[in-house]
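Student: Structural data only, the sequence is not supplied:
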C-alpha cells in the first residue's frame, strides 16, 4: 500500500465507511454546503484565522474527498446567468464532479427592518421608495435531488447527502424503506428526525481540513 492509498484508507476508517457500504452515490446540495464554514474562526488544522481571512470550500478538495468513498458524485448549484464569475464557477465544478446540475438563480428583494439595517451585511444595501433592502440569491434544488435520488435508486446501495436541510426527511425515509443505507454529512443544527434516519452522521467539522481553503476577505 503506497502513501496515497494509506491516507485514503485512513480517511475511510475515520469516517466509518468501508466496503460494506457498497456503491455510494453522493448528492451535494452546494447552496447549503457553501455556507457551512462562513463563521468559523479556525482553519481545518485548528489554527486561528487572521482578521482578513475566511474559509471557503474548495471544489477540488470536496471532489477528492467524495471520490475516496463514493463511486459517483452529483453537484447541485444555482447559476447567475448575468455573472461571469458564477458561470465560471459552475463550469469549473464540471471538471470535478460526475454530474453538475444547475438552473438560474432567482433574486429575492428582502426589505430590512431597523434592527437588520444595523447589521454588517456582506450583500450591498440598496434603497427605493419602500425602504432599504438587500438582494438575496435563491435557488432550491430539493425537488431535483429528490427526483434524481429516486430515479437512480437501483444504481446505488448507499445514499450520501451533503446538506443540513430538514426538507429531505421524507426522501431519506423513502430511501431507507427501499433497503438502502444513508450517510448524512451536515453542519450545525439538524432536526432530530433526519439524524435518526441516517446510518452515519458526519459533521462538517470532521472533514473541514479536507475540503476548505483559506481566502482573503473582500474589502
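Tutor: Arrived safely, thanks for sending. For clarity, every value in this text was computed on a predicted model and none was experimentally measured.
Student: Do a quick rundown of the helices in the chain.
Tutor: Counting by DSSP state H, the chain has these helices, from start to end: 3-15, 30-33, 59-69, 84-96, 114-117, 142-151, 169-177, 192-197, 204-211.
Student: Just confirm residue 171 contacts residue 149, I think it does.
Tutor: Yes. In this structure, residue 171 sits in contact with residue 149. The criterion is C-beta atoms under 8 Å, and the distance is 6.0 Å. Yep, even glycine has a C-beta here, placed from its N, CA and C like the rest.
Student: if I look at the two, which residues touch both of them?
Tutor: Taking C-beta atoms under 8 Å, 6 or more residues apart in numbering as the criterion, residue 171 and residue 149 do not both touch any residue.
Student: if you skip the residues just before and after it, what's nearest to residue 145?
Tutor: residue 27 (5.2 Å; C-beta to C-beta, 6 or more residues apart in numbering).
Student: looking at the sheet around that neighbour, what are its partners?
Tutor: With DSSP bridges as the criterion, residue 27 is bridged to residue 74, residue 161.
Student: quick one: contacts for it?
Tutor: When the contact criterion is C-beta under 8 Å, 6+ apart, the partners of residue 27 are 74, 76, 145, 148, 149, 159, 160, 161, 162, 163.
Student: Try it again at 7 Å.
Tutor: With contacts defined as C-beta atoms under 7 Å, 6 or more residues apart in numbering, the neighbours of residue 27 are 74, 145, 149, 160, 161, 162.
Student: Work out which residue lies at the spatial centre of the protein.
Tutor: With distances taken as C-alpha atoms, centre = their mean, the residue of the chain nearest its centroid is residue 33 (2.4 Å).
Student: List the contacts of the spatially closest residue to that residue that is not a sequence neighbour.
Tutor: Taking C-beta to C-beta, 6+ apart, and ignoring the residues beside it in sequence, residue 33 has residue 162 as its nearest neighbour in space, at 5.3 Å. Contacts for residue 162 (C-beta under 7 Å, 6+ apart) come out as 26, 27, 28, 29, 33, 185.
Student: Would you reformat those residues as CSV and include distance to residue 13?
Tutor: Putting the contacts of residue 162 into CSV (distance: C-beta to C-beta, whole Å) gives the following:
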residue, distance to residue 13
26, 18
27, 23
28, 22
29, 26
33, 23
185, 17
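Student: Residue 112 reaches residue 132, doesn't it?
Tutor: Yes. Under the criterion of C-beta atoms under 7 Å, residue 112 is in contact with residue 132, at a separation of 4.9 Å.
Student: re the thing from before, would you check how far apart the residue nearest to residue 145 and residue 208 are?
Tutor: Noted for residue 27: a distance of 20 Å to residue 208, by C-beta to C-beta, to the nearest Å.
Student: Quickly list the domain ranges of this protein.
Tutor: For the chain, whose domains are defined here by automatic domain parsing, the residue ranges read 12-104+139-216, 106-138.
Student: wait, which of those is closest to residue 2?
Tutor: Minimum separation from residue 2 across the domains of the chain (C-beta to C-beta) falls at domain 12-104+139-216, 14.6 Å.
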